[in-house]
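1. turn this into a model:
(one chain, ligands or ions: 1)
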Amino acid sequence: MSQAPHPAGAAANSPAAFTSALPSYLDPNNLGPWGIYLQQVDRVAPYLGNLARWVDTLKRPKRTLIVDVPIHLDDGSIAHFEGYRVQHNTSRGPGKGGVRFHQNVTLSEVMALSAWMSIKNAAVNVPYGGAKGGIRVDPRQLSIGELERITRRYTSEIGIIIGPTKDIPAPDVNTNEQVMAWMMDTYSMNEGSTATGVVTGKPVDLGGSLGRREATGRGVFTVGVEAAKHTGMDISKARVAVQGFGNVGGVAGKLFAEAGAKVVAVQDHGGTIYREAGLDVPSLLAHVSRVGSVAGFPQAEVIANDAFWDVPCDILIPAALEQQITEANAGRIQAKMVIEGANGPTTPQADDILHERGILVLPDVIANAGGVTVSYFEWVQDFSSFFWSEDEINERLVKIMKGAFAAVWHVAEENKVSLRTATFIVACKRILHARDLRGLYP
Ligand SMILES: NC(=O)c1ccc[n+]([C@@H]2O[C@H](COP(=O)([O-])OP(=O)(O)OC[C@H]3O[C@@H](n4cnc5c(N)ncnc54)[C@H](O)[C@@H]3O)[C@@H](O)[C@H]2O)c1
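-> Numbers count the residues shown, from 1 in each chain. Sure, this is the predicted structure:
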């Protein structure tokens, strides 16, 4: 880990310690995803020129809220859950980022996800800072009533820092349009007026945007096609392996299959399936929506979860959770291109191994930015109460994704750096330039 609690030789209260110390609320020996993010920032620092003097702004979240979320369970007992909302940076606009319900959510994870949102929003140049939230709960263990109560109580607790001009949540792992509808309603009830712009990813009948549900997967597909043009890969002949077949992985898999690619392997929390001739993606999606997992899909072979990493393929799309591609499996991956649908799926060590092996990585901070781009469209439509057609939305999305990807590709070539570092260069310069223009208050 490059980040020590205090720089070597710096006394605890010296200026050097003040600028570089880790927050006391993290364990320096177990930094988790936040440690990965810090290493990524360290890699970009040499490219920031005069703006480097602001770099520590990126190394600490602006605001971190931890809340207790008590609810009545259906059996009459009371259960308490841990909830978070972290606003990493708001130099370029209000905080923006999803809410995750997962039993392993930690503060370090939410901090890292909020920071990746700052980078992503700046990379596609939407006028937002970065934020993220989560509750440490396995929602599969909750009834629908319990899920609604936990969502509403959490929204009320974080209500003091969110709002249409302050911080706008959205769906992430295990949260969906219904959860967003409850969040919007709870916030609106507390405010005394309907505030559709407080969350994005809402149902279309409540001010949601057409195309939002598919937007992240569509962005993953768009950058994949653009990268394939640069590298000479024929998408219509590509074999694709997808980890995570939810909102992001499911839509990305569907679009690649529609473009003629073969989706040969899919893994989710229930298991891993394989079919050399290509899976029937529409049937698999129907199976997942019926059963909740790819497990039990009849027209495929079941393989061991660990064997997923050895599958012969051209494109690998991690679209589940963080830290899936590690030192342990990066050497086994057969793909020529990895498109990060998930946030933070590749550790920095694995990134280096993939780079040395000539495997092109399209990093999360640009590859999965399609979701927040259409969230931005949703927010704009809510403010103007004027809604666009799906074609208009998809057209604008593809235009932004292509433009942002081309800029990142150019910076990578110019500086001879990875696409991840190039995306960080573009984004960090935008964030820190905004910080520089605004100056420090007071
Ligand atoms: N939804 C969005 O708009 C959006 C936008 C940007 C990034 N992301 C990121 O994409 C990733 C997936 O998000 P989503 O919205 O598709 O979530 P989702 O809940 O719709 O799907 C998650 C998928 O991951 C699978 N999964 C969970 N644990 C797993 C495990 N241990 N091994 C293999 N698979 C596992 C689940 O079975 C499911 O198929 C997350 O990293 C999220 O932060 C989502």
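
2. where does residue 97 fall, helix, sheet strand or coil?
-> For residue 97, the assignment made with DSSP: H, G, I helix; E, B strand; the rest coil gives strand.

3. how many other residues sit next to it?
-> Neighbours of residue 97 under the rule other CB atoms under 10 Å: 32. In this view, the C-beta of every residue, glycine as well, is placed from N, C-alpha and C.

4. check contacts around it.
-> Residues in contact with residue 97 (CB atoms under 8 Å, 6 or more residues apart in numbering) are 113, 114, 117, 130, 131, 132, 133, 169, 170, 172, 372.

5. how about stretch 71-83: buried residues?
-> 71, 81, 83 (16 or more other CB atoms under 10 Å).

6. I'd like to know how far whichever residue of the chain sits closest to the ligand sits from residue 253.
-> The ligand sits closest to residue 246 of the chain, with a gap of 1.9 Å, by CB to the nearest ligand atom. Remark: distance between residue 246 and residue 253 (CB to CB, to the nearest Å) = 11 Å.

7. who has more neighbours out of the two?
-> Set side by side, residue 246 and residue 253 show more neighbours around residue 253, with 28 against 18, by other CB under 10 Å.

8. quick check: the more buried one is in a helix.
-> Yes: assessed by three-state DSSP, residue 253 belongs to a helix.

9. for it, give me its contacts.
-> Applying CB under 8 Å, 6+ apart, we find residue 253 in contact with 217, 240, 242, 245, 263, 266, 281, 284, 285, 317.

10. need the contact partners of stretch 394-401.
-> Outside stretch 394-401, the residues within contact range by CB under 8 Å, 6+ apart are 124-125, 211, 215, 218-219, 222-223, 226, 369-370, 373-374, 377.

11. secondary structure class for residue 75?
-> Residue 75 is classified as coil under three-state DSSP.

12. and the residue of the chain closest to the ligand, its phi and psi?
-> Main-chain dihedrals, residue 246, degrees, to the nearest 10: phi -100, psi -140.

13. again, but for residue 109
-> Phi and psi for residue 109, reported as degrees, to the nearest 10, are phi -70, psi -50.

14. how about the strands in the stretch 101-250 of the chain?
-> In the stretch 101-250 of the chain, the segments counted as strands under DSSP state E, counting those that start in this stretch are 130-136, 167-171, 239-243.

15. near the ligand, which residues of the stretch 51-200 of the chain are found?
-> Taking CB under 6 Å from any ligand atom as the contact definition, the stretch 51-200 of the chain meets the ligand at 171, 172, 173, 174.

16. check contacts around the second one.
-> With contacts taken as CB under 8 Å, 6+ apart, residue 172 has the following neighbours: 97, 98, 99, 100, 113, 132, 134.

17. residue 387 now?
-> Counting by CB under 8 Å, 6+ apart, residue 387 has contacts 209, 210, 381.

18. now the second one, nearest residue through space, not along the chain?
-> Spelled out, that is residue 210. residue 390 (4.0 Å; CB to CB, 6 or more residues apart in numbering).

19. my guess is that neighbour contacts residue 212. True?
-> No: Residue 390 is not in contact with residue 212 according to CB atoms under 8 Å; the separation is 10.0 Å.

20. of the two, who's got more company?
-> Legend: neighbour count by other CB under 10 Å for residue 390 and residue 212, higher for residue 212 (27 against 12).

21. so which helix or strand takes in the residue nearest to the more buried one when sequence neighbours are not counted?
-> In space, and not counting its chain neighbours, residue 212 is closest to residue 374: 4.8 Å by CB to CB, 6+ apart. According to DSSP states H and E, residue 374 maps onto helix 370-384.

22. how about residues contacting that helix?
-> By CB under 8 Å, 6+ apart, helix 370-384 touches 96-97, 117, 120-121, 124, 126-128, 164, 168, 170, 196-197, 200-202, 207-209, 211-212, 215-220, 222, 248, 387-388, 393, 396-397, 400-401.

23. which among those residues end up buried?
-> Buried among these by 16+ other CB under 10 Å: 96-97, 117, 120-121, 124, 126, 128, 164, 168, 170, 196-197, 200-202, 207-209, 211-212, 215-220, 222, 248, 387-388, 393, 396-397, 400-401.

24. which residues touch the residue of the chain closest to the ligand?
-> Residue 246 neighbours (CB under 8 Å, 6+ apart): 173, 268, 319, 320.

25. roughly how far does the nearest residue to the last one once chain neighbours are set aside sit from residue 341?
-> I take that to be residue 320. Leaving out its chain neighbours, the residue that sits closest to residue 320 by CB to CB, 6+ apart is residue 244, at 3.1 Å. According to CB to CB, residue 244 and residue 341 sit 7 Å apart.

26. quick one, which of the two is more surrounded?
-> Ranked by neighbour count (other CB under 10 Å), residue 244 and residue 341 place residue 341 first, with 32 against 25.

27. okay, and the more buried one sits in which element?
-> Going by DSSP H and E, residue 341 is not part of any helix or strand.

28. now it: closest residue in space that isn't a chain neighbour?
-> Spatial nearest neighbour of residue 341, chain neighbours left out: residue 319 (3.3 Å); criterion: CB to CB, 6+ apart.

29. how about residue 113?
-> Leaving out its chain neighbours, the residue that sits closest to residue 113 by CB to CB, 6+ apart is residue 132, at 3.9 Å.

30. how's this structure carved up into domains?
-> 61-195, 213-358 (automatic domain parsing).

31. gap between the shortest one and the chain center?
-> In this view, domain 61-195 has its centroid 14 Å away from the chain centroid, taken as CA atoms, centre = their mean, to the nearest Å.

32. start to end distance for stretch 24-34?
-> 13 Å (CA to CA, to the nearest Å).

33. quick one: mean pLDDT over that stretch.
-> In this model, stretch 24-34 has a mean pLDDT of 92.

34. what about that stretch and the ligand, touching?
-> No: counting by CB under 6 Å from any ligand atom, the ligand has no neighbours in stretch 24-34; the shortest distance is 10.7 Å.

35. same question for stretch 253-268.
-> Yes: interface with the ligand: stretch 253-268 contributes 267, 268 (CB under 6 Å from any ligand atom).

36. same question for stretch 211-228.
-> Yes: Stretch 211-228 lies within reach of the ligand by CB under 6 Å from any ligand atom, at residue 216.

37. could you pull up phi and psi at the nearest residue to residue 197 once chain neighbours are set aside?
-> Leaving aside its sequence neighbours, residue 197 sits nearest to residue 164 (CB to CB, 6+ apart; 3.5 Å). Residue 164 has phi and psi values of phi -60, psi -20 when expressed as degrees, to the nearest 10.
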